[in-house]
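# Sequence isn't available, so here's the structure alone:
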């Protein structure tokens with residue numbers, strides 16, 4: 001199996017390169033369960049963020065990262081945009097997205113209590129990896145619909161062309177791999 005070696009701060013991870021289509025493969029970066037990486041990346045991103053009042057991410061892989069990032073920033077609460085409408089949600093606020101890893105339409109949803117919490121505040125939208133930027137864009141739109149002011153966009157990694165963007169805070173670039181057929 002082909003691999004890609006990634007350095008985040010003092011940590012090294014060897015990532016498997018996996019196909020996601022006939023033409024494209026990615027280095028599979030999964031932070032779920034990697035406490036050491038989540039902790040290190042959260043501190044490095046916290047050091048680079050401008051002042052913000054709220055952190056918002058999309059369910060699910062960004063959750064351990066935003067949890068640790070909120071701790072580093074001394075925040076008592078963060079917001080997770082859910083990927084489905086839950087029965088307990090009052091007046092859900094909804095936006096739709098198609099990301100490179102899911103390759104199908106998904107919804108991002110905020111509950112009324114989350115929209116009230118975000119309203120009028122400086123928000124950092126956060127993800128583990130930004131690739132096409134589509135998930136980030138939809139998350140940013142959702143925050144703005146809720147009345148929040150997006151003042152930062154951050155991720156652990158920027159994949160492919162996202163690494164060329166100057167409006168994203170990220171720790172390392174992650175290449176995309178074109179597949180030969």
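All right, it came through fine. Here the structure is a predicted model, which means the values were calculated and not measured.

# next SSE after the lowest-mean-pLDDT helix or strand in the chain?
Least confident helix or strand, the chain: strand 93-98 with a mean of 75, by mean pLDDT, DSSP states H and E. Sequence-wise, the next helix or strand downstream of strand 93-98 (DSSP states H and E) is strand 105-110.

# Beyond that following strand, next helix or strand please.
Counting by DSSP H and E, the next helix or strand C-terminal to strand 105-110 is helix 112-118.

# List the neighbouring strands of the following helix or strand past that next one plus their orientation.
Downstream of helix 112-118, the next assigned helix or strand under DSSP H and E is strand 122-130. As defined by DSSP bridges, the strand partners of strand 122-130 come to strand 54-58 (parallel), strand 149-159 (parallel).

# Check which helices and strands the next helix or strand after the longest one sits against.
Which is strand 149-159. Sequence order places strand 169-174 as the next helix or strand after strand 149-159, per DSSP H and E. Other elements packing on strand 169-174 under the criterion 3 or more C-beta pairs under 8 Å, 6 or more residues apart in numbering; DSSP states H and E are strand 3-8, helix 35-48, strand 149-159. No exception for glycine: its C-beta is placed from N, CA and C like everyone else's.

# which residues touch the residue nearest to the spatial centre of the chain?
Geometric centre of the chain, nearest residue: residue 127, 0.9 Å, by C-alpha atoms, centre = their mean. Counting by C-beta atoms under 8 Å, 6 or more residues apart in numbering, residue 127 touches 57-58, 61-62, 135-136, 139, 154-155.
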